[in-house]
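K.L.:
Can you look at this prediction? I've put the sequence above it.
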Amino acid sequence: MNKSEDVTSQRKKEHLELSLKADVSFKTKTNGFDQYEFIHNAATDVELDKISFETKFFKKKINYPFIISCMTGGTEEAENINAQLAIAAEDLKIPIGVGSQRQALENKNYKNSYNIIRKNAKSVPVLGNLGAAELVKLKSSDPIKMLIELIEADAFVIHLNPLQELLQPEGNPYFKGFLKSLKKLIKEIEIPVIVKEIGMGISKDVAKRMLEVGVKGIDVAGAGGTSWAAIEMLRNKSTTNDYFWDWGLPTSFCLRENSKLKKNYKFILIGSGGINSAVDAAKAFALGADYVASARTILKELDTSGVDGVKNLIIGWFETIRKIMFLTGSKSLKELRKNKIMRRELLY
């Protein structure tokens with residue numbers, strides 16, 4: 001194993017440890033959902049037991065519009081985590097993403113940490129994943145086709161992480177030519193491409209540029225959940241750039257703005273970044289999300305309560321969302337997206 005391979009796997013291990021054990025949340029900035037309230041419908045005629053969350057994720061049927069977000073891979077620890085998360089995803093019939101597959105491009109040592117997801121989640125959508133900085137370095141799409149085949153991916157995520165690359169000691173803050181590389185990739189692979197941030201948010205302008213080259217999904221991954229700037233600062237044992245700990249656009253803002261693009265573009269909008277409760281998820285739907293996704297909250301639940309804990313958490317969230325839909329007179333998530341939420345200041 002060469003030095004770069006050691007660095008990649010070790011970094012992934014450190015990311016996992018910090019995500020589980022350290023306080024890496026945003027300090028002052030929230031996901032923005034606290035600024036909204038649902039509009040109570042005292043004359044609701046919704047029948048609770050007729051609310052269904054079944055839908056499709058691209059071509060596959062799923063039971064809940066919830067994605068176990070891209071987390072890990074490329075280490076021994078990741079194999080066990082991904083194995084358990086995949087079992088939960090298969091049992092719940094929901095999509096699941098893998099962490100960055102960069103390590104799988106470097107060597108074959110931990111390929112099982114990735115393909116264990118498809119082994120344990122045979123029927124649900126699985127999302128591949130690679131960073132934009134890695135994409136621009138590739139001379140052809142063949143390496144990504146290999147990553148797709150490794151996990152039999154139904155969609156492929158390209159993640160945007162300029163701040164993380166900037167703060168990472170071994171980072172590569174070089175994205176020149178990204179749009180050109182992205183457009184080429186979309187033309188050369190047969191599955192949909194989703195672009196996601198990792199916790200600093202995607203603005204409407206950036207999303208529009210992604211959609212114009214053929215992206216089929218936008219995962220806003222806004223500020224308010226895990227701060228990857230914080231994770232890199234803690235790895236560096238440095239707070240000299242402490243200002244960047246809270247850098248980013250709140251998830252609520254990203255969803256509200258990006259949902260406006262649906263008038264002119266056909267794409268799926270994923271709300272992630274601080275989706276830490278059923279109420280967060282419900283507000284994300286009300287602000288335009290087609291699906292919600294969560295990573296660190298799910299990882300911590302797995303760590304403390306195992307597969308059953310993860311399943312019970314997600315099922316419990318949607319039971320609460322069902323009650324919110326009842327109280328807002330929303331027979332479907334489509335109806336929940338139609339003027340069922342308002343800014344708090346307008347209430348007083």
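P.N.:
Nice, I can see it.

K.L.:
mind listing the helices in the stretch 51-200 of the chain by residue range?
P.N.:
Using DSSP state H, counting those that start in this stretch, the helices of the stretch 51-200 of the chain run over residues 76-92, 102-106, 112-120, 132-135, 142-151, 162-167, 178-188.

K.L.:
Can you name every helix or strand that the first one contacts?
P.N.:
Same thing as helix 76-92. With contacts taken as 3 or more Cβ pairs under 8 Å, 6 or more residues apart in numbering; DSSP states H and E, helix 76-92 sits against helix 3-21, strand 66-68, strand 96-97, helix 112-120, helix 296-327. The C-beta positions use only the backbone N, C-alpha and C, and glycine is treated the same way.

K.L.:
Near the nearest residue to residue 29 once chain neighbours are set aside, how many residues? Count them for me, please.
P.N.:
Leaving aside its chain neighbours, residue 29 sits nearest to residue 246 (4.4 Å; criterion: Cβ to Cβ, 6 or more residues apart in numbering). For residue 246, the neighbour count with other Cβ atoms under 10 Å is 18.

K.L.:
Show the contacting residues for residue 246.
P.N.:
Counting by Cβ atoms under 8 Å, 6 or more residues apart in numbering, residue 246 touches 26-29, 223, 227.

K.L.:
ok, now with 10 Å
P.N.:
Applying Cβ atoms under 10 Å, 6 or more residues apart in numbering, we find residue 246 in contact with 25-30, 200, 223-224, 227, 229-230.

K.L.:
One more: residue 150?
P.N.:
73, 98, 101, 104, 108, 111, 114-115, 117-118, 128.

K.L.:
Quick check: the two most widely separated of the contacts of residue 246?
P.N.:
30 and 229 (15.9 Å; Cβ to Cβ).

K.L.:
In terms of neighbours, single out the busier of those two.
P.N.:
Shown here are residue 30 and residue 229; by other Cβ under 10 Å, residue 229 has more neighbours (26 against 17).

K.L.:
pLDDT score for that one?
P.N.:
Confidence at residue 229, expressed as pLDDT, is 90.

K.L.:
Now for the closest residue to it other than its chain neighbours, how many residues are close by?
P.N.:
The shortest distance from residue 229 to any non-neighbouring residue, by Cβ to Cβ, 6+ apart, is to residue 244 (4.6 Å). Counted with other Cβ under 10 Å, the neighbours of residue 244 add up to 20.

K.L.:
My reading is that residue 244 lies in a helix. Confirm?
P.N.:
Yes. Assessed with DSSP: H, G, I helix; E, B strand; the rest coil, residue 244 lies in a helix.

K.L.:
That one contacts residue 236, correct?
P.N.:
No. Between residue 244 and residue 236 there is no contact under Cβ atoms under 10 Å: 11.8 Å.
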